[in-house]
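S.K.: predicted model, plus sequence, below.
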Amino acid sequence: MQDDPRQALNELAEAAGVSLAALSRMLGRNAAYLQQFVGRGSPRRLHEEDRRRLAEFFGVGEERLGGAASVGTSRVTVVRRDVAVSAGPGAVVEDDPALGIATIDARLARQLGLREGASSMVRVRGDSMAPGLADGDYLLVNEDDRVPGSRGGIYVLRIGDAVLVKRVRAEAEALVVTSDNPAAPPVPGGRPTVIGRVVWQMRAPS
């Protein structure tokens, strides 16, 4: 039996911590659009494009929201963190709540070593990791990989209250954290806590 799409939408929004008003604005609708759909049954069915965008945002099949069941699609969900990881001195944040859910092809997830429930997507801010990483890039992070080796890699980490993306390597039982851009300001002092390794980079065409 198919889920009630109104109840499903309400539950998905609550689980992601996003309001129906915010989702309505994301769709380019007035703020009451989805609240009326859920509470009053108006409209009776979501517009096809609205349904597609909502399903993509939550990482679910359109059948959850009243559409036809998708066939032959295998996807892995990735949590979109509400954090702009600083490539500069560090973005001070209180926490990293979920902004939503994205999905990626399951074959790509396997190639990248990503596991559902242990992967996330964050956005770069600043140019301290240029030219490799640019301001605005999106990064997929493997949160199972938190132990840098001697050869190092690019990781998302916390130092105090700052969340950064930096090159990290192990050296003499300590972690060495550096920027790729020689003109970058110094890395903040403090003990780093590794969140995960960057395994994929996405950049909008210029």
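M.R.: Perfect, thanks for sending it.
S.K.: which outside residues touch stretch 175-182?
M.R.: The contact list for stretch 175-182 (C-beta atoms under 8 Å, 6 or more residues apart in numbering) reads 87, 127-133, 148, 152, 157, 159, 164, 166-170, 187, 192, 194. To be clear about C-beta, it is placed using only N, CA and C from the backbone, and glycine gets the same treatment.
S.K.: R123 sits in which helix or strand?
M.R.: strand 119-125 (DSSP states H and E).
S.K.: which stretches in the protein count as strands?
M.R.: Remark: strands assigned in the chain by DSSP state E are 75-86, 91-92, 98-105, 119-125, 138-142, 153-159, 162-171, 174-178, 192-202.
S.K.: how does this structure divide into domains?
M.R.: Taking automatic domain parsing as the criterion, the chain consists of the domains 5-65, 75-202.
S.K.: adding mean pLDDT, write the ones you listed out as TSV.
M.R.: Output for the domains of the chain, formatted as TSV (pLDDT from 0 to 100):
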stretch	mean pLDDT
domain 5-65	89
domain 75-202	83
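S.K.: can you list the strands of the chain in TSV and add mean neighbour count?
M.R.: Shown next, in TSV, are the strands of the chain (neighbours: other C-beta atoms under 10 Å):
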stretch	mean neighbour count
strand 75-86	20
strand 91-92	14
strand 98-105	18
strand 119-125	22
strand 138-142	21
strand 153-159	20
strand 162-171	20
strand 174-178	16
strand 192-202	18
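S.K.: neighbours around A13, how many?
M.R.: When neighbours are counted by other C-beta atoms under 10 Å, A13 registers 21.
S.K.: hmm, L20 and it touching each other?
M.R.: Yes: using C-beta atoms under 8 Å, A13 is in contact with L20, at 5.7 Å.
S.K.: looking at the strands of the chain, spot the one closest to M26.
M.R.: Nearest to M26, of all the strands of the chain, is strand 98-105, at 9.2 Å by C-beta to C-beta.
S.K.: look up phi and psi at A32.
M.R.: Torsion angles at A32 (phi, psi; degrees, to the nearest 10) stand at phi -90, psi 0.
S.K.: now the strands of the chain in a markdown table, with distance to Q35?
M.R.: Formatted as a markdown table, those follow (distance: least, C-beta to C-beta, whole Å):
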| stretch | distance to Q35 |
| --- | --- |
| strand 75-86 | 22 |
| strand 91-92 | 32 |
| strand 98-105 | 18 |
| strand 119-125 | 27 |
| strand 138-142 | 30 |
| strand 153-159 | 35 |
| strand 162-171 | 33 |
| strand 174-178 | 45 |
| strand 192-202 | 32 |
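S.K.: looking at the ones you listed, which is closest to V38?
M.R.: Closest among the strands of the chain, using C-beta to C-beta: strand 98-105, at 17.8 Å.
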